[in-house]
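Colleague: structure, please.
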Amino acid sequence: MEHISPYFGDGDKMQMLFHFMANQHIILALAKEQAEPIIRGLKAPPEIPAIAQWAHFIRNHDELSLDKLTRAEQDEILTGFNQDKEQVWIFDRGIRRRFPPLVANDPRRLRLAYSLMFTLPGTPVLFYGEEIGLGDDLSQPERNSIRPPMQWSNEANAGFSTAPADKLFRPVISDDTYGYQQVNVIDQRRDPGSLLNWMERAIRIRKECPEFGWGTWSLVETHHPSVLTHRCEWLGGTVLAIHNLSKEACKVTLTLKAEDGKLIDLLGGLQYEVFDDATHTMQLEGYGHYWFRLGEQHL
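Modeller: Alright, predicted model coming up:
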């Protein structure tokens, strides 16, 4: 981490860098279903210039690098996601899989992970195909397993190309779970409950909440090891994000500031009253998440 500061300089060099430390700890937290690794990862890097940003991601175009974690933590991730090390481990530091196969294509865990990414302080980054839950192809060598053609439709070659299939730079995915016949842009655009439509809505709301990206963030204690709650404040606005990393439903009590007012649910459209003592108890579903705006605003 001591080598990071020169890249940012005083704000006169790089304006944005991938937050690999946070990413690896996010993956560890999602595997363990505990919030502590995320907190550790977010607190690890040095201060950066006010004009600069961290770029947060779940996956990129290379292996899921875990080189900043201990061997024991790497093994926890492989075990937690039920992965065969002989099949997926690459370069002795990471996993050559996209995220949906790591969580057995569970839609709750997919939304949880990307909800978390969208609300962390900094700039969220999506890798092509993440918006539809694109899978991978372990028959391809090394990093190529996570670089299949984009799946635009259920037509030949996933609508990616009209060339003969044997002329494609890489074969399309055609298995029963992640094949283009089941996972593609056109079908998901027509499905109101699809991951693509959820992503589009989350991105729109994220753009309406610059506090997540630019605000000063702080943790809100819930006294539950699987729940991460943080608030971001910027130019008089405050937003709050709550994520339950566990498969088990739970109840948490938030202690907010007396002047925070009401909780306006940004994803679900509900409004929660805050009691006079500024505490609020709420139920979280397994892998559940909320985004709130604090105050009197109505969307």
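
Colleague: let's verify residue 77: helix, strand, or coil?
Modeller: helix (DSSP: H, G, I helix; E, B strand; the rest coil).

Colleague: list the contacts for residue 4?
Modeller: Counting by Cβ atoms under 8 Å, 6 or more residues apart in numbering, residue 4 touches 17, 45, 46, 48. Every C-beta, even on glycine, is put in place using the N, C-alpha and C of the backbone.

Colleague: you'd agree the third one is up against residue 5?
Modeller: In other words, residue 46. Yes: with contact defined as Cβ atoms under 8 Å, residue 46 reaches residue 5; the gap is 5.6 Å.

Colleague: tell me which of those two has more neighbours.
Modeller: Higher neighbour count among residue 46 and residue 5: residue 5, with 15 against 9, using other Cβ atoms under 10 Å.

Colleague: any residues touching the helix or strand bottoming out on mean pLDDT in the chain, and which ones?
Modeller: Every helix and strand of the chain was ranked by mean pLDDT, DSSP states H and E. The lowest is strand 271-272, at a mean of 70. Strand 271-272 is contacted by residues 262, 263, 264, 265, 280, 282, 292, 298 when judged by Cβ under 8 Å, 6+ apart.

Colleague: again with stretch 86-94
Modeller: 62-67, 78, 95-97, 138, 142-143.

Colleague: 7 Å instead, please
Modeller: 63, 64, 65, 66, 67, 95, 96, 97, 138, 142 (Cβ atoms under 7 Å, 6 or more residues apart in numbering).

Colleague: may I see the buried residues of that stretch?
Modeller: By neighbour count on 16 or more other Cβ atoms under 10 Å, the buried set for stretch 86-94 is 88, 89, 90, 94.

Colleague: just put the contacts of strand 271-272 in CSV and tack on neighbour count.
Modeller: Below are the contacts of strand 271-272 laid out as CSV (neighbours: other Cβ atoms under 10 Å):
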residue, neighbour count
262, 17
263, 22
264, 20
265, 15
280, 18
282, 16
292, 27
298, 9
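
Colleague: return the closest of those residues with respect to residue 149.
Modeller: Using Cβ to Cβ, residue 265 is the member of those that sits closest to residue 149, with 38.1 Å.

Colleague: okay, the closest one: pLDDT?
Modeller: Looking at residue 265, its pLDDT stands at 92.

Colleague: and it, what is it in contact with?
Modeller: Counting by Cβ under 7 Å, 6+ apart, residue 265 touches 271, 272, 290, 292.

Colleague: for the stretch 1-150 of the chain, which segments count as strands?
Modeller: Along the stretch 1-150 of the chain, counting by DSSP state E, counting those that start in this stretch, strands occupy 16-18, 53-56, 64-65, 89-90, 94-95, 123-124.

Colleague: pick the most deeply packed of the ones you listed.
Modeller: Comparing the strands of the stretch 1-150 of the chain by mean neighbour count (mean count of other Cβ atoms under 10 Å), strand 94-95 comes out on top with a mean of 24.

Colleague: direction included, what does that one pair up with?
Modeller: Strand 94-95 has the following strand partners under DSSP bridges: strand 64-65 (antiparallel), strand 89-90 (antiparallel).

Colleague: thinking again about what came up before, can you convert the contacts of strand 271-272 into JSON lines and add a column each for distance to residue 24 and secondary structure?
Modeller: Shown next, in JSON lines, are those (distance: Cβ to Cβ, whole Å; DSSP: H, G, I helix; E, B strand; the rest coil):
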{"residue": "262", "distance to residue 24": "37", "secondary structure": "strand"}
{"residue": "263", "distance to residue 24": "32", "secondary structure": "strand"}
{"residue": "264", "distance to residue 24": "33", "secondary structure": "strand"}
{"residue": "265", "distance to residue 24": "31", "secondary structure": "strand"}
{"residue": "280", "distance to residue 24": "33", "secondary structure": "strand"}
{"residue": "282", "distance to residue 24": "30", "secondary structure": "strand"}
{"residue": "292", "distance to residue 24": "28", "secondary structure": "strand"}
{"residue": "298", "distance to residue 24": "39", "secondary structure": "coil"}
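
Colleague: so residue 28 makes contact with residue 78?
Modeller: No: Residue 28 lies out of contact with residue 78 (Cβ atoms under 7 Å); the separation is 11.1 Å.

Colleague: buried residues of the particular helix or strand that has residue 218 in it, list them for me.
Modeller: Assigned by DSSP states H and E, residue 218 belongs to strand 216-219. Across strand 216-219, burial judged by 16+ other Cβ under 10 Å covers residue 217.
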